[in-house]
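Visitor: Sequence first, predicted coordinates after that:
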Amino acid sequence: MSESNTNIQVIIVGAGYAGLGCAIECKRKGHCVLVVEKVDELKVLGEASWISSFDQFLTIFALTGDVISLGPNAGRILARWGLHDELWDICGHAPELRLHDYQGGLIQVQPLPSPIFGAHSYNGHRALIHDVIFRHAVSLGIDIRMGQDVVDYWEDDDTQKAGIVLSSGEKLEADLVVAADGIKSQARQYVLGYRDQPRPSGYAIYRAWFEATEQGVDTDPVTDFLCKDGDALYGWIGQDVHMLASSARGGKSISDNNYVAGCWSAPGHIEEVLEIVKEWDPRCAAVISKAPSCVDWKLIVHDPLPTWISKTGRLLLIGDAAHPFLPSSVQGASQAIEDGVTLAVALSLAGKDRVPLAARTWEAIRYERVRETQLMGETTRDKWHRAEVGDKGAGFDLPMPEWLLAFDAEAHAYSVFDGTAKNIMENGYQLPSLKATS
């Protein structure tokens, strides 16, 4: 439900999950929102339409042919926006994760109940889910300007404004600028005052998405396990490698994700993936062979940033621009949406005259929760990549802690804002101490 107009003007750079989530909740809270996005239009790439360079691939958001997972902590927000029915229709509903060692021995069957902690998860093609959220933002009347390339950021203490400069030379101003421009954020250097250099993680992901019936997955007795009983989720784990294969839409669409040690760029080659799993359970190679093509996605990591906010508190980073996640966290998009919801509440409670306080309180509320979630993803990756043949038990489950999944970002922000803001005003602004990366 929309609240009264706060007259707080917000410019959001980037129309991915973080940017749209922030825009929608800001609109719901009565803030004036403008979203600018670099690409001219949104479209889903066909399997034969992979682009030619890694740098170009990273600038085109929401186009990769793979699954994205939004946990119940994001699901309760999406349901609050009225999107449950549409999302549920396009998402997969695997009832369990069947996890194996690399030779095919069953390690654990982990139930995946939905709802859990009072909300649903949504697992499906990232572009299709993004399209639902994008169309919802448009339906709310949010001003989204496509094909707008931001070349600079600025702030002015005298006018208490911040803004952006577009490649056209146009200069736009607002009370707050939110940089939701992803892993290669241009705003990060402005906020930090130096160029933050990512590090190779030593891992890459091969990703593919294709129709099961078109590729014969459902008629091959070696691969029909992904289709014959509806949606399914299977995993194989081994030394420095894991593979996930899932089906959605009643077992009609297949997603194949191979997370391996290395450092590569797009596009990928199926024969390279097959070489990785040549000693594995034959079902792995059989599924991979069905994919018409794949993307080879190099994973890079950033050390935790010392801050997500500029010195004046009128420009901030959210989502991957502030805190990229490993895929093994299964929380990147969910935490990005939490960022936006929390920020919208903080702006409402602080008011137009205290936007910098809202930003600093928002960061203090979000910072440690985000870091704990990042570390959980690192722990999952490490335990999976140390798995040996014959391992068994729930110790290899995907973590589903209540502190993470039962969380309501909106309610939490309302409950802690006053105390957090008061502490900042009385004791100065200081983030929780950083926890070391693994």
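Guide: Received the coordinates, thanks. Numbering: from 1, shown residues only.

Visitor: Could you point out which residue ranges in the chain have low pLDDT?
Guide: 1-4, 43-66, 256-266, 431-438 (pLDDT under 70).

Visitor: Let me see the ranges of the helices in it.
Guide: For the chain, helices defined by DSSP state H occupy the ranges 17-28, 54-59, 72-80, 84-90, 126-139, 187-192, 270-276, 282-290, 332-350, 355-384, 402-405, 409-427.

Visitor: Residue 130 reaches residue 21, doesn't it?
Guide: No: with contacts counted by C-beta atoms under 8 Å, residue 130 stays clear of residue 21, the gap being 10.7 Å. Every residue, glycine included, has its C-beta placed from N, CA and C.

Visitor: CSV please, covering the helices of the chain and showing distance to residue 157.
Guide: CSV is the format used below for the helices of the chain (distance: least, C-beta to C-beta, whole Å):
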stretch, distance to residue 157
helix 17-28, 23
helix 54-59, 33
helix 72-80, 34
helix 84-90, 43
helix 126-139, 32
helix 187-192, 15
helix 270-276, 53
helix 282-290, 56
helix 332-350, 18
helix 355-384, 10
helix 402-405, 38
helix 409-427, 19
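
Visitor: between those, which gets nearest to residue 171?
Guide: For the helices of the chain, proximity to residue 171 was assessed by C-beta to C-beta; helix 187-192 is nearest, at 15.0 Å.

Visitor: counting contacts, what elements does that closest one pack onto?
Guide: strand 150-156, strand 176-179, strand 315-317 (3 or more C-beta pairs under 8 Å, 6 or more residues apart in numbering; DSSP states H and E).

Visitor: Put together JSON lines for the ones you listed, with distance to residue 284 on each row.
Guide: As requested, the helices and strands packed on helix 187-192 are exported to JSON lines (distance: least, C-beta to C-beta, whole Å):
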{"stretch": "strand 150-156", "distance to residue 284": "42"}
{"stretch": "strand 176-179", "distance to residue 284": "40"}
{"stretch": "strand 315-317", "distance to residue 284": "38"}
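
Visitor: Go ahead and flag the most central residue of this structure.
Guide: Against the mean C-alpha coordinate of the chain, by C-alpha atoms, centre = their mean, the closest residue is residue 333 at 2.4 Å.

Visitor: Leaving out sequence neighbours, find the closest residue to residue 151.
Guide: Excluding the flanking residues, the one nearest residue 151 by C-beta to C-beta, 6 or more residues apart in numbering is residue 167, at 5.1 Å.

Visitor: can I assume the one you found is in contact with residue 149?
Guide: Yes: counting by C-beta under 8 Å, residue 149 is a contact partner of residue 167 at 4.1 Å.

Visitor: farthest residue from the center of this protein?
Guide: residue 158 (36.1 Å).

Visitor: that older thread, which one, of the helices and strands packed on helix 187-192, ends up nearest to residue 351?
Guide: Set against residue 351 and scored by C-beta to C-beta, the helices and strands packed on helix 187-192 come closest in strand 176-179, at 12.2 Å.

Visitor: Output the contacting helices and strands for the closest one.
Guide: Packed next to strand 176-179, using 3+ C-beta pairs under 8 Å, 6+ apart, are strand 9-13, strand 161-166, helix 187-192, strand 315-317, helix 355-384.

Visitor: Touching it from outside, list them.
Guide: Strand 176-179 is contacted by residues 8-14, 19, 22, 153, 162-164, 185-188, 191, 314-318, 321, 343, 347, 355, 358-359 when judged by C-beta atoms under 8 Å, 6 or more residues apart in numbering.

Visitor: Let's see that with 7 Å instead.
Guide: 10-13, 22, 153, 162-164, 185, 187, 314-318, 321, 355, 359 (C-beta atoms under 7 Å, 6 or more residues apart in numbering).

Visitor: tell me, which strand in the chain spans the most residues?
Guide: Secondary structure of the chain per DSSP state E: the longest strand is strand 199-211.

Visitor: Walk me through which strands it pairs with, and which way each runs.
Guide: Paired strands of strand 199-211, with direction, are strand 253-261 (antiparallel), strand 295-301 (antiparallel) (DSSP bridges).

Visitor: got the angle between it and helix 282-290?
Guide: Put simply, strand 199-211 runs at 80 degrees to helix 282-290, going by axes from the mean of the first three to the mean of the last three C-alpha atoms, to 10 degrees.

Visitor: out of residue 130 and residue 21, which sits in the busier spot?
Guide: residue 21 (31 against 21; other C-beta atoms under 10 Å).

Visitor: my read: the more buried one touches residue 338, true?
Guide: No: between residue 21 and residue 338 there is no contact under C-beta atoms under 7 Å: 8.1 Å.

Visitor: any residues in contact with both of these two?
Guide: Counting by C-beta under 7 Å, 6+ apart, nothing touches both residue 21 and residue 338.

Visitor: re the thing from before, check contacts around the residue nearest to the centre of the chain.
Guide: The contact partners of residue 333, by C-beta under 7 Å, 6+ apart, come to 17, 68, 70, 74.

Visitor: now residue 429
Guide: residue 360.

Visitor: go again using 8 Å as the cut-off
Guide: 360, 364.

Visitor: What is the burial count for residue 343?
Guide: Count around residue 343 with other C-beta under 10 Å applied: 31.

Visitor: Report how many residues lie close to the closest residue to it other than its chain neighbours.
Guide: Nearest non-adjacent residue to residue 343, counting by C-beta to C-beta, 6+ apart: residue 362, 4.9 Å away. Number of residues near residue 362 (other C-beta under 10 Å) recorded here: 27.

Visitor: How about residue 81?
Guide: 18.

Visitor: Report the separation between residue 282 and residue 272.
Guide: 18 Å (C-beta to C-beta, to the nearest Å).

Visitor: Neighbour count for those two, which is higher?
Guide: residue 272 (15 against 12).

Visitor: OK, contacts around that one?
Guide: 206, 296.

Visitor: OK, contacts around residue 213?
Guide: residue 252.

Visitor: Just give me the neighbour total for residue 7.
Guide: 11.

Visitor: Surely it touches residue 353?
Guide: No: counting by C-beta under 8 Å, residue 7 stays clear of residue 353, with 10.4 Å between them.

Visitor: What are the buried residues along stretch 301-310?
Guide: Neighbour-count burial for stretch 301-310, with 16 or more other C-beta atoms under 10 Å as criterion, is recorded at 301-302, 304-305, 307-310.

Visitor: likewise stretch 412-428?
Guide: 412-413, 417, 420-421, 424.
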